[in-house]
Every structure is written in structure tokens, then in C-alpha cells.
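> Whatever this is, show me its structure:
(one chain, ligands or ions: 1)
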Amino acid sequence: MTTATADAAPTPMMAQYIEIKAANPDCLLFYRMGDFYELFFEDAEEASRALGIALTKRGKHLGEDIPMCGVPIHAAEDYLQKLIALGHRIAVCDQMEDPAEAKKRGSKSVVKRDVVRLVTPGTITEDQLLEAGRANYLMTLTRLGAKGREGEFAIAWTDLSTGAFRLAETGADRLEADIAAVEPSEVVVAEPLYRDEAFAQVFRRLGRRARPEPQALFDAATAPERICRFFGVSTLDGFGSFSRVELSAAAALIAYLGKTQLAARPALQRPERRVAGSAMEIDPATRASLELTRSAGGRRAGSLLSVIDRTVTGAGGRLLAVRLASPLTDPTAIRERQASLAHFIEDYALRAELRATLGRLPDIERALSRIALGRGGPRDLLAIRSGLFAASEIAARLTGDLPAELAACRQAILALPDTLSERLEMTLAEEVPLLKRDGGFVRPGALAALDEARTLREDARRFIAELQGHYAEETGIKSLKIKHNNVLGYFIEMNEANGKALMAGPLASTFIHRQTLASAMRFTTGELADLDERISHAGADALKLELETFDQLAAEIVEAAPQLQAAAGALGAIDVASALAELAVSGDWSRPVVDDSLAFRIEGGRHPVVEAALAAADGQSFVANDCDLSPKGKGPGAIWLVTGPNMGGKSTFLRQNAIIAILAQIGAYVPATAAHIGIVDRLFSRVGASDDLAEGRSTFMVEMVETAAILNQSGERALVILDEIGRGTATYDGLSIAFASVEHLHEVNRCRALFATHFHEMTALSARLKRLANVTMRVKEWQGEVIFLHEVGAGAADRSYGIQVARLAGLPKVVVERARQVLAELERSEQGEKRETFLDDLPLFSAAVRRQAEPAAPSAEVHPLVAEVEALDPDAMTPREAMEALYRLKAKLRDGRA
Ligand SMILES: Nc1ncnc2c1ncn2[C@@H]1O[C@H](COP(=O)(O)OP(=O)(O)OP(=O)(O)O)[C@@H](O)[C@H]1O
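Coordinates of the predicted model:
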């Protein structure tokens, strides 16, 4: 039996582990032991499950085995990546001293260890863990006071891997839209706000990405001072003006970086304020329905971004994604971007040359950020060097009369310090190793002392090579070899028979035995040991010199961080402009007129993603369509009511117009022959709502919540795209809601809108609502088949062709046939009853089917009054007979009740 006391006392190492783990309870602790990061207890169980690595055990704690698993240091990044993707946070705990140091303090003493970094989804910088074309944002969110009103909420966000740092005020109703526009990987929220019931849904939807942090991190009183300290300035005046709540969010962001990066200081850019209203507001549901950056399946492929992205650099890809997420609302700024595109469209040779150079450009931003955080390697230095070189080539090509944006880009590149480029050129070798500890990245001739150490080492190596021949001759053992390993250093190896003979012979005093293996014996000599010593000394000296050089170069690079970041941003912008120009030329897109009007006129518009999919699938061409929601005269915008068969192309048409508005406002050309877009300040798109079972909301409930938001929030500048509102409930209810919503849009919101519906009865609205027009997706019927023309034309559809579509989808033949019969019956009964109002025109599907399925209900169940009413023939009665019949029926009814 084991004794409790013996089990209860943890080993000194375990005690250290437990202490460090206690300080980082919400992280998996990667505890460095030699060449491994080890995980213990629950962490080990969790990680072994997540990573599929073996769970072992090491020692006991409180009488129980301690579960353990480990990952080798060199492969740690792969494992980190998987764990981060699963939403974990990891505390990386390293050895802070050489184990030999610890041993000096006594055999039982433990190596000093400490957490050097917390790896969280929003703070990763390693290339392996990041997508090249996608920014990885960390965001903080806070509010002032308990009841934040508009402007009393703020967000701050940074891409640590590039240093971009932005701030914005936001409001309770815009919170989700503003967060969604950034698409952060991690949102750090002030604790009281996180716990506020009113926002519970928001944080639930963010899921593991949102995490609460103490309010102290967000303290507004000390915020300016904390920000000043970080940037090493005495006042923030030079940065622009920020509100109290923005500063609180920014200070929290810096504090959180301090908490996760510990000693390392990230190369953050100066905070840049995003002014409210400067970007088109697009809420998360709209982003999802338009599949802007992710397709419905959540992947990048199939999204609008994936189809329009022709950028060739990481920075360009990230910038395009940012621009697509936040289209501009200032026509002047939009026209500036258009001018850059136009410049590249006109000059094919320039575009081609620049894109070829850009294609070789390394990721300057990310290399810089790793260097600043002390995580850089020789390849990051090389990236900066070749980046600077390519940048100057690009600036040299940008000459003549440039549009404002490109001129500013050129300026930013020219502002790069020449000295840095020269210094890197002169110091770095052409080929460099991945890790600085491997040495060999400093060019020969760059540093005299290093050259000397290297020569010493090379000379010694040459001596050793010569020694092998010399020893072979001396001993007469031709197969003798001089080899090297990390344990023995240089040694002489020969087979066992030769070794034994040597040890017995006269040379035994020269050849000192070191090791006997199964098939070989190893020796050294005084001379070899001496050379070995000289080589390792020279090697250590050389490495020390190289590491010093590395640190100097890194410091010079960090010194130039603001210029490097500005130039990297400029190169990204050049990439985006030339990529969008390329896209416009290859897709035959045109430059839209963008202004302050409320116009919305598109000629020959196309949906770029559907068009690409059609072309890829079977080379089909996309049918272009016009759309005009412009006001007549000075009035507000128009509404188009789109009817048409299933599969007719309604959803595609709706989406393409929203997408064209977005593309126009990011400053791109648009997939249309011509377009005139008056700035859209807010975009709402509800196309194909889905249920949200996680939140216990049905499809219909989700649809209504979203419709409510649209009707409550759309102003005259909004663009609203609604598809089949009200289809998820009983027909009458749905129709009534759709009806009332269109009236509200027309009368109250007065915005430009497209409304697709299968309720053909709604087309009657155009008689009353002057700015509402009916359009329909044309089809042709041919030999009982329906052919979708995908053409939008004036007018209303009279049928849905749902059954034809169902047949195409492969519904069983008998079901299709039966459906045809039911439909015919329904249509007949509809006409027979000659109802007058549109509401009566609606088929009560279930009732009608029942009637047809069971033609004769048992007479016993029919109320006698019903039979009597049925027997009446009003056409054959005089008014007096009719009155009498009515009195008789009322009397019977009264008697029946009595
Ligand atoms: N303008 C077009 N040119 C060519 N093909 C098109 C066009 N518009 C749509 N299509 C094709 O028709 C398919 C159906 O389009 P869409 O989903 O827009 O129809 P819908 O009218 O909204 O259908 P439903 O009412 O069933 O939702 C698309 O996937 C696409 O392949």
C-alpha cells in the first residue's frame, strides 16, 4: 500500500508545473522539457484527443497516475495550428536557463521555467498558422457606463501579423454588423458587457471567439497614458482625435497584447480611426446571404472574394478582403480608386510588368511583425531585403502623370530608408537557413571577425580530412574513417577486428578508445581532439557573431517599421488596383458612375459567381439583365417586385444587384455594360433564410427577426433585397406580412428595393404604390417542358412552374402526376368560385386537397342547416323568397341552440 504522504508531495518539477498552470487556468500549458513540449493532467487528455497523439503517464500525483503527452519542439507549430483551429488557447512555457545551470544549484533543483507567450486565435504570427491572403484580427469591445447609447460603444482591432491597428465607435444596434465587417478571430470583451443579458445573443453567436476580460483592462481614465507609453510618445495629439470610449478599447487591446506577448513588443501601427458612416453598413446576415468572403458552406471557395481576387501578394489579398468587407460611402474616395484601375487598364504593359514584380514580392508585413516580436528568422531578414528591392523596382516603374492613390503609393515606397536596403544587401547571404541558430546567413566578406572564425574552422576541417589519409597509412587500416556526431564530436571509426588489433599494437597510446558498438569501434587522438576543440570554438565564435549581426539587423528593421509598414500597405494597394484592373479587362466589366444621388441603374448586369460557375460547369453563358430603381424626378427610390417560376433566376438577379452596388463602392469596375449607383449607406439582403436551431429559432422566426431589422432601420439611402418573405408560414399569414412589408418599404422607408415573391397576388399592389413596378423572369413552354430564359422583363408571372421544377429534380413520377391533378383541381375550383378580392384567390391548399381526396363526406355529419342552404338556388329566387329563407334559417338556428 502506498502512503498518502509520499503520494501527496509532488516532485519539485510537478510543483513548478502546478504553479504555472494555476496562473494560466484557461490555457493548455505547453511545458518545455528538453526537446519536447509536454502536457499533463486534463491538458494531456484534451490534447491527445484533439491531436491524435499517444497518451502516456509520468509519475503520480495524489496517488493517481499523471497523464502526459508531448509534442516535439520542431513540430510544435503544426500542433499549435490544430489546437488554435479548435478554439484552444495555449500557454507556451519555456526553460529560462540551461539545465546545467540548474544542476549547479544541486541535483534536485528544477530548471527555471516561465510562460513566454500565450497563443490565442487572435494573436498568432507564424506563417504556418495563418492564411496568406487573409488578415487575422484581434478585437476588443467595450462600452462606457452601464447603459451604452449610440457612440458609447467602441471596438479596436489589430492584425498582429501586420501591425494594422484601427478603432471605431459603434452602437448597440450596429454592434454585430461592425464586428462582422472585421471578421475577427478573437473578440476580447469587457466583462460587464459580456455578462449583460441584452447582448447574450451577440456573444452566443460569436461563440468561442468572444472572451471576457476584466474591466480593469479597459479602464478609460488611464487609457491615454497607457497608449502613450506603448508608442513612446508624450501625447496622442499627433495621432488624431479619439473619443474616450475608443481610447478605452485601444488601451485594452494594447494591454491584452501585453498579456499574451509578454516581453515582446509588437510593431503596431499608429491607431487609425474609422469614422462612423464612412463605410457601407452590412449586417452579418447580409454578408452571409451574399457570400461575400465565405460561401454558404463557410469556405472561401465559391465566395465573391474568391472569384474577384486576382491579387498576387498576401498583402494585396488581405487588403482586397478588407475593402470588400467595408465598401466606401464617399464618392470622391471611390472615384480615386477607380482612377487607379483606369490607369492600369489603359497601360497593359505597365500592369503586366508590375504584376510580375509583385508576384515575387515576399510578405513584408508579416516578416516585419515576426522580427519585432523576436520570432523572426534569417528568412524574414531576407524577405525584407527582397521586398525592399522589389519595391524600388516598382516605384521606378510608376512614373509620369499618376492618379492620386498611385502617386501616394509611390511616395510611400520612396520614403523607405536606402541605408537599410544597402545594409541588408551587404550583410545577408543569398541563401539562408530557416533558423538563426544554424548560422551561415551572413555573407562572406561582411564581417572580418566572422570571416576569420570561419577560416579557422574551415582550416581545421581541412586538416581533419587530411588526417584521415594520414591515419589510414599509419595504421595500415584502409577502411578507417573520421566521422562526427553531436555527442563525441570528431572520432575515428573502424571495424571491430581492426580496432582490437589497434588496441593491442604499438599505436594504442596514440589512438584512445572511446566507444565500442555492435559493428564498429571508435577512437580519438590528441591531435584530433585538439582540432575538434578548435573547430567548435571557432564555430561558437562564428555563431555568436552571426547572432549579434542578426540582432543588429533586426533592430534596424524595427527602427524603420513605420516606413516599412507604409510601403507594404502601398504595395498592397498597387496589387489590388492592378488585380481589379486585370479582372475588369478579362471579364469585360465597366466603370460605374458613383455619386451622391439616389440612382440605381444597371444595364446588362451579371452575377460574377454564378457566371463563373456556369462557365466552369458547361460553358453556358449568363444572361445579363437590367435593373433600374432610380427615383423618378426628385423622389425616393423605386421598388421592383420580382415574380417568376422557381429556378427562373430571381435570387440570382436580386443578389447580383446587391453585389454590383458593393463592387462599385469598393472602387472596382462592375460586371455590367453600364451602371450608375447613388451611394448606398446600408445594405440589407435576405435571400434564402435558414433556421438557427442553436438559438432555438425556427426559419420563420429568423426571417421575421431579420425583416424587423430591415423595416426598422432602412433609410432612404438603403438598398434592400428581400426574397420570398413570408413563405415559411400559413399562406394567408405569409401573404399578409409580405404585403404589409412592401407597403412599409414604399411609404415609410422609401428606399430602393428588390422584392421577389411567389405570391402573384402581390402584383396588384402596383396599382396603388406609384414607385412599385412588376417584373418577371421570363420562361418559354415548349412541348410541355418549361424553358428558363433567365430574362427579366416588365410584367407579372401567372404561375410558378413548381411542378415542372419538381419533375426536373427527380420527384417520383406518381407524385408528379398526382400533383398535376391536384393543381388542375385547385385551379378549376378557384375559377369556379369567381371570388372578387385577391385574398379570396388564394387556394386553401389543404382544404382543397381534402375535398378532392374525399369527395363525399358522410351525410350524417353534415349539419341539417348546411343541407338546407345547399338546396337553395339564389339565382332562381325572388328577393322576397330570399328574405323568407333567411328568416327561416335564423329561426332554426335559434331553435337549435335553445
Ligand atoms: N441570368 C442568368 N443566366 C443564366 N443562368 C441563370 C441566370 N440566373 C439564374 N441562372 C441559373 O438558374 C439557377 C436558379 O437560379 P435562382 O436560384 O436565382 O432561381 P430562383 O428563381 O430564385 O429559384 P427559386 O424560386 O426556386 O428559389 C441558377 O443556379 C443558375 O444556374
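> The ligand contacts on the stretch 551-700 of the chain?
Contacts of the stretch 551-700 of the chain with the ligand, taken as C-beta under 6 Å from any ligand atom, map to 610, 614, 622-623, 644, 646-652. C-beta: built from backbone N, CA, C; applies to glycine.
> most surrounded residue in those?
In terms of neighbour count, Gly644 stands highest of these at 29 neighbours, by other C-beta atoms under 10 Å.
> Distance check, the spatially closest residue to that residue that is not a sequence neighbour against the ligand.
Distance criterion C-beta to C-beta, 6 or more residues apart in numbering; nearest residue to Gly644, sequence neighbours excluded, is Met777 at 2.9 Å. Taking C-beta to the nearest ligand atom, to the nearest Å as the measure, Met777 falls 6 Å from the ligand.
> Return the set of buried residues in the helix or strand encompassing Met777.
Element membership for Met777, per DSSP states H and E: strand 772-782. Buried positions in strand 772-782, judged by neighbour count with 16 or more other C-beta atoms under 10 Å: 772-779.
> From the residues you listed, pick the one nearest Leu428.
Met777 (61.9 Å; C-beta to C-beta).
> gap between that closest one and Val111?
Separation of Met777 from Val111 (C-beta to C-beta, to the nearest Å) stands at 73 Å.
> Return the distance of stretch 259-269 from the chain's centre.
Offset of stretch 259-269 from its chain centre (C-alpha atoms, centre = their mean, to the nearest Å): 22 Å.
> now it: mean pLDDT?
Averaged across stretch 259-269, pLDDT comes to 82.
> buried set for that stretch?
260-261, 265-269.
> What lies in contact with that stretch?
By C-beta atoms under 8 Å, 6 or more residues apart in numbering, the surrounding residues in contact with stretch 259-269 are 115-120, 123, 158, 160, 163-165, 230-231, 254, 257, 368-369, 372-375, 558, 561-562, 565.
> Filter these down to just the ones in helices.
Counting by DSSP state H, the part of the contacts of stretch 259-269 found in helices is 230-231, 254, 257, 368-369, 372, 558, 561-562, 565.
> Look at stretch 120-136 and report the distance between its end residues.
11 Å (C-alpha to C-alpha, to the nearest Å).
> The nearest residue to Phe231 once chain neighbours are set aside: what secondary structure?
Ranked by C-beta to C-beta, 6+ apart and with sequence neighbours excluded, the top spatial neighbour of Phe231 is Arg270, at 7.0 Å. Arg270 falls in the coil class when you classify it by DSSP: H, G, I helix; E, B strand; the rest coil.
> Report how many residues lie close to Arg270.
Neighbour count of Arg270, defined by other C-beta under 10 Å: 15.
> Please renumber the chain so that the first residue is 30 from this point on.
I'll keep to 30 as the first residue from here, and by that count the last item is Arg299.
> That one and Ile337, how far apart?
From Arg299 to Ile337 the distance is 30 Å (C-beta to C-beta).
> What residues does the protein have near the ligand?
Counting by C-beta under 6 Å from any ligand atom, the chain sits next to the ligand at 639, 643, 651-652, 673, 675-681, 819.
> and which of the residues you listed is nearest to Asp430?
Phe651 (37.0 Å).
> Could you list the low-confidence segments of this structure?
30-37, 175-180, 717-726, 757-759, 813, 829, 859-891, 925-927 (pLDDT under 70).
> so what are the domain limits for it?
33-148, 156-305, 343-474+589-614, 477-579, 618-837, 842-882, 888-926 (automatic domain parsing).
> now these in JSON lines, with distance to Ser332?
Below are those laid out as JSON lines (distance: least, C-beta to C-beta, whole Å):
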{"stretch": "domain 33-148", "distance to Ser332": "19"}
{"stretch": "domain 156-305", "distance to Ser332": "12"}
{"stretch": "domain 343-474+589-614", "distance to Ser332": "9"}
{"stretch": "domain 477-579", "distance to Ser332": "40"}
{"stretch": "domain 618-837", "distance to Ser332": "7"}
{"stretch": "domain 842-882", "distance to Ser332": "35"}
{"stretch": "domain 888-926", "distance to Ser332": "58"}
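> which stretch among those domains comes nearest Thr315?
domain 618-837 (4.3 Å).
> Check the offset of the closest one from the chain's centre.
The chain centroid and the centroid of domain 618-837 are separated by 27 Å under C-alpha atoms, centre = their mean.
> sorry, back to before: tell me which residues touch the residue nearest to Phe260, please.
Contacts of Arg299 by C-beta under 8 Å, 6+ apart are 194, 260, 268, 591.
> separation between it and Ala250?
22 Å.
> cool, Arg630 as well?
In terms of C-beta to C-beta, Arg630 sits 53 Å off from Ala250.
> now swap in Val638 and tell me
49 Å.
> ok, back up a step: and the residues of the stretch 580-729 of the chain next to the ligand as TSV, adding secondary structure?
TSV is the format used below for these (three-state DSSP):
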residue	secondary structure
Val639	helix
Leu643	helix
Phe651	coil
Val652	coil
Gly673	coil
Asn675	coil
Met676	coil
Gly677	coil
Gly678	coil
Lys679	helix
Ser680	helix
Thr681	helix
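> Pick out the residue of the stretch 530-679 of the chain closest to the ligand.
Relative to the ligand, the nearest point of the stretch 530-679 of the chain is Gly678 (2.9 Å; C-beta to the nearest ligand atom).
> Residue of the stretch 730-879 of the chain closest to the ligand, please.
His819 (3.4 Å).
> show me what contacts that residue?
If you count contacts by C-beta under 8 Å, 6+ apart, then His819 has 651-652, 654, 677-678, 681, 806-807 around it.
> Quick check: of those residues, which lies closest to Arg172?
Thr681 (40.4 Å).
> List the residues that contact that closest one.
Counting by C-beta under 8 Å, 6+ apart, Thr681 has contacts 636, 639, 819.
> Can you name the element that comes right after the strand or helix carrying Met730?
Assigned by DSSP H and E, Met730 falls within helix 728-742. Downstream of helix 728-742, the next assigned helix or strand under DSSP H and E is strand 747-752.
> Quick one: neighbours of Ala526, just the number.
By other C-beta under 10 Å, neighbour count at Ala526 equals 10.
> What spatial separation is found between it and the ligand?
For Ala526, the distance to the ligand equals 80 Å [C-beta to the nearest ligand atom].
> quick one: contacts for that residue?
Neighbours of Ala526 in contact, by C-beta under 8 Å, 6+ apart: none.
> secondary structure element for it?
helix 525-533.
> Let's see that helix as CSV, backbone CA atoms only.
Output of helix 525-533 as CSV, limited to C-alpha atoms (Å, rounded to 0.1, in the frame of the first residue of the first chain):
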residue,chain,number,x,y,z
GLU,A,525,35.9,-4.3,-34.5
ALA,A,526,38.7,-6.6,-35.7
ASN,A,527,40.8,-3.7,-36.8
GLY,A,528,40.0,-1.8,-33.6
LYS,A,529,41.1,-4.7,-31.4
ALA,A,530,44.3,-5.2,-33.3
LEU,A,531,45.0,-1.4,-32.9
MET,A,532,44.4,-1.5,-29.2
ALA,A,533,46.8,-4.4,-28.8
